[in-house]
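Asks: Provide a 3D model corresponding to the input given below.
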Amino acid sequence: MPVLDEVIRVVRDVAHSEVMPRFLRVGSSRKDDGSLFTEADLACQQALAEQLPKLLAHPVLGEEMTEAEQTALWQAHRDGLWVVDPIDGTTNFVNGLPYFAISVALMVDGVSQIGVIYNPVSKEMFYAERGCGAYLNGTPLPLKKTVNPIGDAIAGVEVKYLRSGKLASRLASLAPCGSQRNMGSSTLDWCYLAAGRYDLYLHGGQRLWDYAAGALILEEAGGRLATLNTDYYWSDTVWKRSVIAALHPELFAQWHRWVRMNQ
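Replies: Numbers count the residues shown, from 1 in each chain. Model (predicted):
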């Protein structure tokens, strides 16, 4: 895994040179879609865009590019594309909440082959290469081997982007899980599911850079995933993709069935 090892090194170095020196020290601005960005987002993305193509000569698609730039890159480079979220959880970053991450994926033909997600506060590095398993700082994922019954399960749930008010309302009153969490970083949510810290996951619509690395890490940890529209996760809409997921197959079957029935 020499390329993966080099991606891990680059992500760690950029996090500690461009992101952490700015933690609690920069202001924020809003993009046209209302989301926050900071000088740290831009500096991190620029550094990754300079370093990643030196490892494999593919261009970088980053969150902080324009929509036109992103679309052009996606359409022209199906044979290989780095997909980067320089800081996922910018609202947390701006407000001093230590739950944010740098995410990097290598995608070929629309499917992720390498995924690296790093929380520079906790120094937790999650990573995977297709066919080679998923890891946290060298330890194979998942960390937890026991399976909670669905009534005791912890679910990462983001209702903001759900298409149907019916599903959102039923999650609030009838969800079969034990409890729900939403901590403000989709990339880390994927990792927490892969590690066994969460049991279930539901999100109404993630951007490409939110899922590119995390979905691979979950798959390589043995997790199951689908979307609200299709059971083959990688075939759904690129730019806003929902997710139904669980770490263990039996929990996935129950969660998937409940969500489908309540859409």
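Asks: so residue 113 sits right up against residue 216, yeah?
Replies: Yes. Between residue 113 and residue 216 a contact is recorded at 7.5 Å, counting by CB atoms under 8 Å. Every C-beta, even on glycine, is put in place using the N, C-alpha and C of the backbone.
Asks: Next, show the common contact partners of these two.
Replies: Taking CB atoms under 8 Å, 6 or more residues apart in numbering as the criterion, residue 113 and residue 216 both touch residue 130.
Asks: Which other helices and strands does the lengthiest helix in the chain contact?
Replies: Secondary structure of the chain per DSSP state H: the longest helix is helix 39-55. Here helix 39-55 touches helix 2-14, strand 60-62, strand 81-88, strand 101-108, going by 3 or more CB pairs under 8 Å, 6 or more residues apart in numbering; DSSP states H and E.
Asks: tell me what the first one is packed against?
Replies: In other words, helix 2-14. Using 3+ CB pairs under 8 Å, 6+ apart as the contact criterion, the elements in contact with helix 2-14 are helix 39-55, strand 101-108, strand 111-119, strand 124-129.
Asks: and residue 138, which of those is closest to it?
Replies: Smallest distance to residue 138 across the helices and strands packed on helix 2-14 (CB to CB): 8.7 Å, for strand 124-129.
Asks: which residues sit against that closest one?
Replies: Counting contacts by CB under 8 Å, 6+ apart, the residues touching strand 124-129 from outside are 1, 4, 7-8, 11-12, 113-118, 134-137, 141, 191, 194-195, 216-217, 219-221.
Asks: Quick check: the gap between residue 171 and residue 151.
Replies: 15 Å (CB to CB, to the nearest Å).
Asks: Comparing the two, which shows the higher neighbour count?
Replies: Using other CB atoms under 10 Å, the more surrounded residue of residue 171 and residue 151 is residue 171, with 20 against 9.
Asks: Now do the same for that one: its pLDDT.
Replies: On the pLDDT scale, residue 171 is placed at 92.
Asks: picking that back up, residue 113 and residue 216 - which one has more neighbours?
Replies: Higher neighbour count among residue 113 and residue 216: residue 216, with 28 against 17, using other CB under 10 Å.
Asks: does that one sit in a helix or strand, and which one?
Replies: Of the helices and strands defined by DSSP states H and E, residue 216 is found in helix 208-220.
Asks: now do residue 191
Replies: Once you assign secondary structure using DSSP H and E, residue 191 falls within helix 186-195.
Asks: any idea how far that helix is from the chain center?
Replies: Taking CA atoms, centre = their mean, to the nearest Å, the mean C-alpha location of helix 186-195 is offset from the chain mean by 7 Å.
Asks: ok, now stretch 226-233?
Replies: Centroid separation for stretch 226-233 versus its chain: 16 Å, with CA atoms, centre = their mean.
Asks: Just the CA atoms from that stretch would do, formatted as PDB, please.
Replies: The C-alpha atoms that make up stretch 226-233 are tabulated as PDB, following Å, rounded to 0.1, in the frame of the first residue of the first chain:
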ATOM      1  CA  ALA A 226     -27.600   1.700   0.200                       C
ATOM      2  CA  THR A 227     -29.400   4.900  -0.600                       C
ATOM      3  CA  LEU A 228     -33.000   6.000  -0.300                       C
ATOM      4  CA  ASN A 229     -33.300   5.400  -4.000                       C
ATOM      5  CA  THR A 230     -31.300   2.300  -4.800                       C
ATOM      6  CA  ASP A 231     -29.600  -0.700  -3.100                       C
ATOM      7  CA  TYR A 232     -26.300  -0.300  -5.100                       C
ATOM      8  CA  TYR A 233     -24.900   2.700  -3.300                       C
END
